[in-house]
Every structure is written in C-alpha cells, then in structure tokens.
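In: Predicted model and sequence below, questions to follow.
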Amino acid sequence: MSLDIEHIIVHSLFLDEQGQTQLATREEELTTGPAVNQLMAELHHIYNTKAGKIFGYFNDEDDSFRDLVRRVEDQSLTFAAFSHQAGERLLAELKRLDMSEQGVLLFVRYQWLGAHYLLIALLDNKDSVTVTEKLEVSHASYLDLGKMQLAARLDLTELRIRPDSRRYFSFIKGRAGRKVSDFFLNFLSCVEGMDPKAQSQGLLKAVDEFCEARQLSPEEKLESKALVNKYCREQLKEGEELELRELSAEMGTDNDLDFYQFVSEEYQLEDKFPVDRSALKGLTKYVGSGGGLTISFDQKLLGDRIQYDANTDTLVIQGLPPNLKSQLVKG
C-alpha cells in the first residue's frame, strides 16, 4: 500500500542546564529518501497497530490550533512555519504545567489510501553502541519507535468532509499513570470524542442479542461469536477498523434479519470504529473476578466440562488444568 510523504520536518525538545525544556527548531523540511521513507513507513505501521487509541475533535471554545491547520492547508503558512508555531505552542503548554519532556518532535503530512493525514509525534532518542564496518565499537543514537508514547494524528480528509465528526483526531495514550490530556490535548485544542472501548462493548451486546433474535442454538451462537472474533482480530492485525457493513456480510442473513440493520435500529454504534482488544474476550470466554477469585474459561465448555447451578450459585469443573491441579495437590 502506497504511502506518500508530502511534508516532513523534525525539531528537538531538550532539557537545559536548569532542567527546563527548550525547543531547537530545524528551518527547512527534510528531503524524502530511503531513510525518511523507512522511518515514516515504520511510524505509520506502529501507529495503526497501537492498541488503546482514543479519539477526539477540536474544542469549540479554543480554535487556535485549528486556525494553524487552516492556514497551512490553504497555504498561507508554510509547513515549516506551521511546525515552528506548533512547537512553540507545545513548549508553552509544558512550561505552563511545569512539565519536563524531551525527544524528537516530528510533524508530517502524508497521504495513504486516498486520505490525507497530519501526524505529530514526540519520539524518544536513545543512546546505544554499535559495531562499525571496521569492527570498531562506536557510540550511536537511534529513535525508539516501538515505544512511541505521545502521538496524535489528524485525519484532514475526515475533517474537510465531515467537520461535525467527533473522531477526526486520534491519540496514543500517554505513559502509565499520566494521561495524554495533561498537555497534548491542550496543545492541540482538542477534546475527547468517540470511545472505542464503549463501542466494542456495545458490539458484544449487539452480537449476543442478534444471536438471540435469530433463535440460534448454543452451538450456532458459539460459531457466530467465533466468526466475529476472527474478523475483529484480523482487522486488529492489519491495523484496520471494524466496518459494520463488512462484518454484517460476514455474518450472513437469516429470514431477512441483517446484522447491520439490526444494530442500526437499536444501537448507537459507529459505522466504523477501532476494536478494543481487551473487549474481544467477551466473545469467546466467560470472565469474572472479585473477592480474591478470578475465573476465565471458554464459553464452549459451559454445559460440557463446566456446569453452573444457579440455585446454589456454584460452578462444577471436571478436568482441571494440570498446572492448577499440581498447585492444589501441593497445597
């Protein structure tokens, strides 16, 4: 799949002797070539496949960053100048919150599958050592792309075609214990919109009730859920979103009962949304925890190796996993 880089530039956030974040800017855009193309291909793939992204849209009460985007899009502002002003905004936000950040600040406008995107990422620059062609050990620095923690992507095509959408921005969540909204959302004049986790949980509820409406047998219900699970995991693997019409076609039609029509009438699901990986367990497993007890098992085992008695609220399990059994025997 072709990825066309239209503009790309990098700057640097660094800590001065007083431990304060400063910004060093590059004046001209990077020239595209094999190294830049490889960097962007890796970044695009990592971003697409990164789990747990959140979505948002411009804050109606603050159009400062949106105005910068408008100006660079109508070419009244060069991409380099745009990145300089955006970098200064980020620096001001960090100083306002008295936060310290450092790394390579990347701005890139690119086209993929007919859509135009603006990607902004703060990348970690790591020090390491390498062995040269002359077999000498030498100091080296590299971008740790796999641990990209702060990144946002604006779907410029979605913004232009559907300005009232609540999901033309997407974000990679910040480091553990600190939300991206600490400064990145403020820097971009953005607020959170669509919640992929809520959408995925709504999907699971819809699949359950759709199977009930079709009056499927327990075996047929498991088959339908396994099909949905397979489709969702394939989309995740490819870094693609779930498409309800596509999933509906996979599930087929029974007595004119179509899954897409079913969810359109009773559920508030987007036509397309990224699947939350953690929610998929609910398609094939029963999972629960509380009071120091955690239980998880495949749904197909219920009524076979596992029996549930609602009157006594007990599970009877036949054939324990060997590693669990050995622990129980040892006491």
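Out: Cool, got the structure. Owing to the predicted nature of the structure, the values given are computational and were not obtained by experimental measurement.

In: Can you point out the buried residues in the top helix by length along the chain?
Out: Secondary structure of the chain read by DSSP state H shows that its longest helix is helix 218-238. By neighbour count on 16 or more other Cβ atoms under 10 Å, the buried set for helix 218-238 is 221-222, 224-225, 227-229, 231-232, 235-236. C-beta here means a position set from N, CA and C on the backbone, and glycine is covered the same way.

In: helices and strands around that helix, which ones?
Out: Applying 3 or more Cβ pairs under 8 Å, 6 or more residues apart in numbering; DSSP states H and E, one finds that helix 218-238 contacts helix 196-213, strand 242-243, helix 244-251, helix 281-284.

In: so which of the ones you listed gets nearest residue 90?
Out: Ranking those by proximity to residue 90 (Cβ to Cβ) places helix 196-213 first, at 25.3 Å.

In: could you give the angle of that closest one to helix 244-251?
Out: With axes from the mean of the first three to the mean of the last three Cα atoms, to 10 degrees applied, the angle from helix 196-213 to helix 244-251 works out at 40 degrees.

In: and the angle for helix 196-213 with helix 218-238?
Out: Using the same axes, to 10 degrees, helix 196-213 lies at 150 degrees relative to helix 218-238.

In: Show the contacting residues for residue 62.
Out: By Cβ atoms under 8 Å, 6 or more residues apart in numbering, residue 62 lies in contact with residue 189.

In: what's the helix or strand for it?
Out: Under the criterion of DSSP states H and E, residue 62 resides outside all helices and strands.

In: how much space between it and residue 76?
Out: Residue 62 sits at a distance of 20 Å from residue 76 (criterion: Cβ to Cβ, to the nearest Å).

In: any idea of the mean pLDDT for the lengthiest strand in the chain?
Out: Longest strand in the chain, counting residues (DSSP state E): strand 3-15. In this model, strand 3-15 carries a mean pLDDT of 95.

In: Next: stretch 84-93.
Out: Average pLDDT, stretch 84-93: 94.

In: Show me the shaky parts of the stretch 201-331 of the chain.
Out: Applying pLDDT under 70 to the stretch 201-331 of the chain flags the ranges 254-255.

In: I'd like to know how far the most centrally placed residue in the chain sits from residue 230.
Out: What sits nearest the mean C-alpha location of the chain, by Cα atoms, centre = their mean, is residue 53, with 2.8 Å. Note on residue 53: its distance to residue 230, by Cβ to Cβ, is 22 Å.

In: Run through the strands of the stretch 51-200 of the chain in chain order.
Out: For the stretch 51-200 of the chain, the strands defined by DSSP state E, counting those that start in this stretch cover 54-58, 103-112, 115-123, 125-131, 137-143, 150-155, 169-172, 190-192.

In: from the middle of its chain, how far away would the last one be?
Out: Okay, so that is strand 190-192. Its chain's C-alpha centre and that of strand 190-192 lie 15 Å apart, by Cα atoms, centre = their mean, to the nearest Å.

In: ok so, going back, of the strands of the stretch 51-200 of the chain, which is nearest residue 265?
Out: Smallest distance to residue 265 across those (Cβ to Cβ): 24.3 Å, for strand 54-58.

In: Starting from the closest one, tell me which strands it pairs with and how they run.
Out: Paired neighbours of strand 54-58 in the sheet (DSSP bridges): strand 169-172 (antiparallel), strand 190-192 (antiparallel).

In: Columns mean pLDDT, distance to residue 129 and mean neighbour count on top of those strands, output as TSV?
Out: Below are the strands paired with strand 54-58 laid out as TSV (pLDDT from 0 to 100; distance: least, Cβ to Cβ, whole Å; neighbours: other Cβ atoms under 10 Å):
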stretch	mean pLDDT	distance to residue 129	mean neighbour count
strand 169-172	88	29	23
strand 190-192	87	40	19
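
In: Dump the ones you listed into TSV; add distance to residue 295 as well.
Out: Shown next, in TSV, are those (distance: least, Cβ to Cβ, whole Å):
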stretch	distance to residue 295
strand 169-172	32
strand 190-192	33
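
In: right, and the ones you listed - which one's nearest residue 40?
Out: Set against residue 40 and scored by Cβ to Cβ, those come closest in strand 169-172, at 16.1 Å.

In: Let me see the contact set for the closest residue to residue 123 other than its chain neighbours.
Out: Spatial nearest neighbour of residue 123, excluding adjacent residues (Cβ to Cβ, 6 or more residues apart in numbering): residue 104 at 4.5 Å. Contact analysis of residue 104 by Cβ under 8 Å, 6+ apart lists 10-13, 122-125, 143.

In: Same check on residue 324?
Out: No contacts exist for residue 324 under Cβ under 8 Å, 6+ apart.
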